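*Asks:* Pasted the sequence and its predicted model underneath.
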Amino acid sequence: MTAVLETQDLTIRFGGHVAVDRVSCAFHAGTLTAIVGPNGAGKTTYFNLISGQIKATSGSVRLEGEDISGLPAPLRTRRGLGRAFQLTQLFPRLSVLENVRLAVQARHGGALQLLSVWLEQRHLIDEAQAVLTAVRLQDKADTPAAGLPHGDQRKLEVALMMALDPKVYMFDEPTAGMSVDEVPVILDLIRQLKRRRDKTILLVEHKMDVVRELADRIVVLHQGQLLADGQPGEVMQLPMVQSAYMGTTVEEGV
């Protein structure tokens with residue numbers, strides 16, 4: 001089976017420090033891969049290399065067989081890479097609905113023409129409202145994004161990615177900073193995406209109970225290198241994985 005997303009010997013050096021060191025992985029549609037490792041292991045940097053936020057020193061990123069290593073982040077997004085950041089990236093002065101409508105509009109081909117008929121715009125608004133309903137933000141559609149509490153901003157960020165309908169969903173600690181009551185909403189959305197079986201999902205997550213439940217596969221990074229790659233039950237029992245967590249076991253957390 002051809003990989004939807006693939007990294008080959010992906011490497012980034014900051015001076016004398018190698019943050020990601022020749023990481024090669026292939027990711028397929030219908031699979032949720034959890035990327036775990038101790039703090040400083042290179043997980044978010046690996047995400048940044050894939051999504052184009054930083055340029056690799058060497059190696060490549062391929063999307064559906066095409067080398068996209070030379071493309072900036074916005075063009076990678078247009079090709080089908082969706083990235084939810086640890087820090088929310090929103091249009092703070094626009095309403096929740098307008099944030100999502102702009103994402104829907106971008107997926108449909110850019111800015112509306114001034115002479116576009118109202119029904120065409122209505123279609124975009126309807127799609128945006130459906131996404132807001134999915135993330136349970138429909139009652140805050142008119143609220144400026146900057147006025148949302150942190151947990152709702154995270155939900156809005158996921159809504160923006162859903163509105164773009166990418167081939168690859170990249171979640172970087174999607175539940176970070178959320179209250180206990182808010183976490184299930186995001187996890188339910190990820191479960192729904194996984195059930196579709198047509199999306200490739202990458203998840204950086206520290207909560208091992210979440211990883212156990214959602215992951216089809218676990219990739220472990222340690223000091224920028226690929227330490228282990230396989231099914232969750234097997235990977236979490238590997239002595240080299242457990243010892244990488246500075247004396248704690250994977251059962252105890254990351």
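*Replies:* Looks like it came in fine. Residues are numbered from 1 along each chain as shown.
*Asks:* What score does the residue lying closest to residue 226 once chain neighbours are set aside have for pLDDT?
*Replies:* The shortest distance from residue 226 to any residue other than its chain neighbours is 5.1 Å, reached at residue 23 (Cβ to Cβ, 6 or more residues apart in numbering). For the C-beta atoms, the positions are set from N, CA and C on the backbone; glycine is no exception. For residue 23, the pLDDT comes out at 97.
*Asks:* what's around residue 23, how many residues?
*Replies:* 24 (other Cβ atoms under 10 Å).
*Asks:* In this structure it contacts residue 35, no?
*Replies:* No - Residue 23 lies out of contact with residue 35 (Cβ atoms under 8 Å); the separation is 9.9 Å.
*Asks:* who touches both of these two?
*Replies:* In terms of Cβ atoms under 8 Å, 6 or more residues apart in numbering, residue 23 and residue 35 are both contacted by the residues 46, 221.
*Asks:* ok, residue 191 to residue 134 distance?
*Replies:* Residue 191 sits 12 Å away from residue 134, going by Cβ to Cβ, to the nearest Å.
*Asks:* So for those two, which residue has more residues nearby?
*Replies:* Higher neighbour count among residue 191 and residue 134: residue 134, with 18 against 13, using other Cβ under 10 Å.
*Asks:* What are the boundaries of the strands in this protein?
*Replies:* 5-14, 17-27, 32-36, 58-63, 66-67, 81-84, 168-172, 200-204, 217-222, 225-230 (DSSP state E).
*Asks:* Quickly, which of those strands bottoms out on average pLDDT?
*Replies:* Looking at these, the bottom one is strand 81-84 with a mean of 85.
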